[in-house]
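Student: predicted model follows, preceded by the sequence.
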Amino acid sequence: MTEQTLTRGEPHATALTPDPAQLESWRALRARLADAPPAERAAALATAARQTRRSVVRMIDSAGQGHIGGDFSVTDILTTLYAYVLRLDPGEPERAGRDRFILSKGHCAASLYSTLAYSGYFAPRELATFMQPLSALNGHPNRTTVPGVETNTGPLGHGLPVAVGEAIGARLTGSDARVFVVMGDGELQEGSNWEALMAASQYRLDNLVVIVDRNRLQQGARTEETNALDPLDEKLASFGCEVRVSDGHDFAALIEAFRPAERGGPVAVIANTIKGKGVSFMEDRAEWHHKVPNAEQVRQALEELA
Amino acid sequence: MTIASAQEKTALPTYDNRTAFADELIALAREDERIVAVCNDSVGSSNLVAFRDEFPDRLINVGIAEQNMVGVGAGLAASGLVPFVCGAAPFLTGRSLEQVKADVAYSQHPVILCGMSPGMAYGQLGPTHHSVEDLSWLRALPGLDIVVPADRRQTRQAVRAAAAEPRPTFIRVGRHKVPDVTSESDVLERGRMLTARPGDDVTFIVTGTLVSRALEAADRLAGSGLRARVLNAAYIAPFDTDALASAARETRAIVTAEEANVAGGLGAAVASHVGTLEREARVPLRILGLTEFAPTGNTDFLLEYFGLTAAGLAEAAREALAHD
């Protein structure tokens, strides 16, 4: 980490820039996956996802804070998107016509930052600054300091309306870009999402893909015991979405679920996931929403993710 | 408090700024295809009917859903468009305040938020429909310009400036009719107050509907041999601390007046800066505005109720000077 002096009123963080070596390795992976047979593709994505999860463990260990459970439930989705699905160039983050991605559940920033770094948006060594004073890598994503972040998230219920605006914007500017947004399932309790879904349906936004990270746990309890979402597929369908239910940890299934819309409106993917996925003692346990592993747990987690 | 029954009337013709807003937006849209309008069902009250007729694809009506409306605006801005997001000011700011904070100001998406019918323009519809907290709420957000045009010309200039160099901006588009207070040579400059009248005894720092009233108050004071400076604070943020400091040094008192709550708006901006000046410049200050939820009444009545009239401003000036 580079030393910085605190000067109030000036940009807090050094802007991150694309990392040439990492960019090259990401491009090689993309090229390989594009032509690989499905089994080989899934194996390569699984390897990349394990790398991201190990990174998340180290970041949260070092920061002493984070949301590890949700980071792990969304990791396979992020990996699939950045290593295979999204049409974009991390070497040119603002390129016109790029596919857009918004992590509406912004508290899972560690997983997003790791995915972006391994995609070449910035050097992976920067991940060590996560949540340190004046780091670009805040506890919630900030587009003004992190290349690849399209809009600032953190308060829940913000990403989907912005994604709807981007989808309308793509249409108005004649771009064939698609807009992907990942929501937490508990996040769907925010009313703004349903406003946005109504508009997405009204505008027949077939370039919008709403992905629900359906890990069934919110901060302190199960979603169904708090403010039940089921039958979520029927709710989303009644709001005009083309609903696809997928195993959120099956790479081939996710790729299939992220295919273009077929019914002329927004696509909603309910990705059934496991909070804490990948580390035995964290899986499907509410306390790992934002619990920080101790030294022994860090060692064991890294071992399981090796 | 005694309320005079007669409402002050000005002899000058008065105008609803929404007309100038709509005309300029359409003119801009003809020149620049990035211009789009977003509204919350308020096609009529935001005066967007003609815009819709001419650019049906470029008017995005998200229905009665302000949180989504502001988020959609941010997404459109992120797509390289220049969105003018229009809605009645109380709902645009209050209902979607967190979206304005996170999606517009903090994200630095260049969205132009157009708060229609601000202040107490909705009169008898009551405090739910008054937008008198907007200046306080929005002034707390770094990176957001706040513009309060005082007449038709400034409204057009504000719209044009926002499109020329898009940045997160809130424009208060007045509905309560006001006379023209600027002239051809008055150019709206970002972060600058306009000197509507020079003077060196007392300074009125006023905004929006209060500019014409301050000019009238200055006329009244002139009758007593007092020369009042009138500064039209079209920009609440960024705020013109240079012109404020000059006023504090060159005149003996400052009176601010705004069609907004006194907690946190224009008057608060003035007070917090005057307090940082050298002792000699810390002149007596009077902050006029709302101090409670308004009772029932039409806009003119309510402005009078809160002392936001030429008489009220002149009285505040005399009182402040008496403390000099």
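Tutor: Looks like it came in fine.
Student: count the neighbours of residue 88 for me.
Tutor: Picking chain A for this. 20 (other C-beta atoms under 10 Å in any protein chain shown). The way it works is simple: take the backbone N, C-alpha and C, and place the C-beta from them, glycine included.
Student: try chain B instead
Tutor: Using other C-beta under 10 Å, the number of residues around B:Ala88 comes to 25.
Student: ok, it to B:Met116 distance?
Tutor: Counting by C-beta to C-beta, to the nearest Å, the gap between B:Ala88 and B:Met116 amounts to 5 Å.
Student: what touches both of the two?
Tutor: The overlap between the contact sets of B:Ala88 and B:Met116 (C-beta atoms under 8 Å, 6 or more residues apart in numbering or on different chains) consists of B:42, B:45-46.
Student: closest to chain A among these?
Tutor: For these, the minimum distance to chain A (C-beta to the nearest C-beta) is 15.0 Å, reached by B:Ser42.
Student: which non-adjacent residue is nearest the closest one?
Tutor: For B:Ser42, the nearest residue in space outside its immediate sequence neighbours is B:Gly87; the separation is 5.3 Å by C-beta to C-beta, 6 or more residues apart in numbering or on different chains.
Student: give the contact list for the one you found.
Tutor: With contacts taken as C-beta under 8 Å, 6+ apart, B:Gly87 has the following neighbours: B:39-40, B:42, B:46, B:66, B:69, B:114-116.
Student: circling back to that earlier point, output the shared contacts of B:Ala88 and B:Met116 as a markdown table; include the columns neighbour count.
Tutor: Below are those laid out as a markdown table (neighbours: other C-beta atoms under 10 Å in any protein chain shown):
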| residue | neighbour count |
| --- | --- |
| B:Ser42 | 21 |
| B:Ser45 | 17 |
| B:Ser46 | 30 |
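Student: could you dump those to a markdown table with pLDDT and secondary structure?
Tutor: Formatted as a markdown table, the shared contacts of B:Ala88 and B:Met116 follow (pLDDT from 0 to 100; DSSP: H, G, I helix; E, B strand; the rest coil):
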| residue | pLDDT | secondary structure |
| --- | --- | --- |
| B:Ser42 | 90 | coil |
| B:Ser45 | 87 | coil |
| B:Ser46 | 87 | coil |
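Student: distance to A:His249 added to those residues, as JSON lines?
Tutor: JSON lines is the format used below for the shared contacts of B:Ala88 and B:Met116 (distance: C-beta to C-beta, whole Å):
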{"residue": "B:Ser42", "distance to A:His249": "45"}
{"residue": "B:Ser45", "distance to A:His249": "49"}
{"residue": "B:Ser46", "distance to A:His249": "47"}
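Student: which parts of the stretch 51-200 of chain B are helices?
Tutor: Counting by DSSP state H, counting those that start in this stretch, residue ranges of the helices within the stretch 51-200 of chain B are B:66-78, B:89-94, B:97-99, B:134-139, B:152-164.
Student: out of those helices, which is the most enclosed?
Tutor: Counting by mean count of other C-beta atoms under 10 Å in any protein chain shown, helix B:66-78 has the highest mean neighbour count of the helices of the stretch 51-200 of chain B, with a mean of 31.
Student: so which elements touch that helix?
Tutor: Where contact means 3 or more C-beta pairs under 8 Å, 6 or more residues apart in numbering or on different chains; DSSP states H and E, helix B:66-78 is packed against helix A:159-172, helix A:191-202, strand B:35-39, strand B:82-88, helix B:89-94, helix B:97-99.
Student: can I get it in CSV? Just the C-alpha atoms.
Tutor: What follows is helix B:66-78 as a C-alpha-only set of coordinates in CSV (Å, rounded to 0.1, in the frame of the first residue of the first chain):
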residue,chain,number,x,y,z
GLU,B,66,-40.0,9.0,-7.6
GLN,B,67,-37.3,6.7,-6.2
ASN,B,68,-37.2,4.8,-9.5
MET,B,69,-37.4,8.0,-11.4
VAL,B,70,-34.2,9.4,-9.9
GLY,B,71,-32.4,6.0,-10.3
VAL,B,72,-33.5,5.9,-14.0
GLY,B,73,-32.2,9.4,-14.4
ALA,B,74,-28.8,8.2,-13.1
GLY,B,75,-28.8,5.3,-15.5
LEU,B,76,-29.7,7.5,-18.4
ALA,B,77,-26.9,9.9,-17.5
ALA,B,78,-24.5,6.9,-17.2
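Student: what's the pLDDT at the residue of the stretch 151-300 of chain B found nearest chain A?
Tutor: Of all residues in the stretch 151-300 of chain B, B:Pro168 sits closest to chain A, at 11.7 Å by C-beta to the nearest C-beta. Note on B:Pro168: pLDDT of 98.
Student: repeat that for A:Ala15.
Tutor: 79.
Student: that one - how many residues pack around it?
Tutor: A:Ala15 is flanked by 11 other residues according to other C-beta under 10 Å.
Student: that one contacts A:Val149, doesn't it?
Tutor: No. With contact defined as C-beta atoms under 8 Å, A:Ala15 does not count as touching A:Val149 (11.8 Å).
Student: for the chain, longest helix please?
Tutor: Answering for chain A, as no chain was given. helix A:38-63 (DSSP state H).
Student: not what I meant, chain B
Tutor: Taking DSSP H as the criterion, chain B has its longest helix at helix B:17-31.
Student: buried stuff in stretch A:173-188?
Tutor: By neighbour count with 16 or more other C-beta atoms under 10 Å in any protein chain shown, stretch A:173-188 contains the buried residues A:173, A:175, A:177-188.
Student: what's the answer for stretch B:190-204, then?
Tutor: Taking 16+ other C-beta under 10 Å as the basis for neighbour counts, the residues of stretch B:190-204 that come out buried are B:190, B:192-197, B:199, B:201-204.
Student: chain B contacts on chain A?
Tutor: Chain A comes close to chain B at residues A:96, A:100, A:142-144, A:150-155, A:157-158, A:160-170, A:172-173, A:175, A:191-192, A:195-196, A:198-199, A:202-203, as judged by C-beta under 8 Å from any C-beta of the partner chain.
Student: can you pull out the strands in chain B?
Tutor: B:35-39, B:59-61, B:82-88, B:112-116, B:145-147, B:169-173, B:194-197, B:202-206, B:228-232, B:235-237, B:254-261, B:285-290 (DSSP state E).
Student: quick one on the thing from earlier: buried sites along the longest helix of chain B?
Tutor: B:17-18, B:20-26, B:28-29.
Student: need the residues that contact it.
Tutor: When contacts are defined by C-beta under 8 Å, 6+ apart, helix B:17-31 is touched by residues B:35, B:37, B:46-48, B:50-51, B:54-55, B:58, B:84, B:114, B:116-117, B:149, B:151-153, B:155-156, B:159-160, B:163, B:171, B:173-175, B:178.
Student: ends of stretch A:182-199, what's the gap?
Tutor: 18 Å (C-alpha to C-alpha, to the nearest Å).
Student: what sits closest to the residue in the stretch 101-250 of chain B that chain A sits nearest to if chain neighbours are left out?
Tutor: Of all residues in the stretch 101-250 of chain B, the one sitting closest to chain A is B:Ser107 (4.2 Å; C-beta to the nearest C-beta). In this structure, B:Ser107 finds its nearest non-sequential neighbour in A:Asn152, 4.2 Å apart by C-beta to C-beta, 6+ apart.
Student: and that neighbour, how many neighbours?
Tutor: For A:Asn152, the neighbour count with other C-beta under 10 Å is 29.
Student: in a helix, it, correct?
Tutor: No. Assessed by DSSP: H, G, I helix; E, B strand; the rest coil, A:Asn152 does not belong to a helix; its assignment is coil.
Student: on that earlier part again, okay, among the buried residues of stretch A:173-188, which ones form the most distant pair?
Tutor: Every pair in those was compared (C-beta to C-beta); the two farthest apart turn out to be A:Thr173 and A:Gly186, at 33.5 Å.
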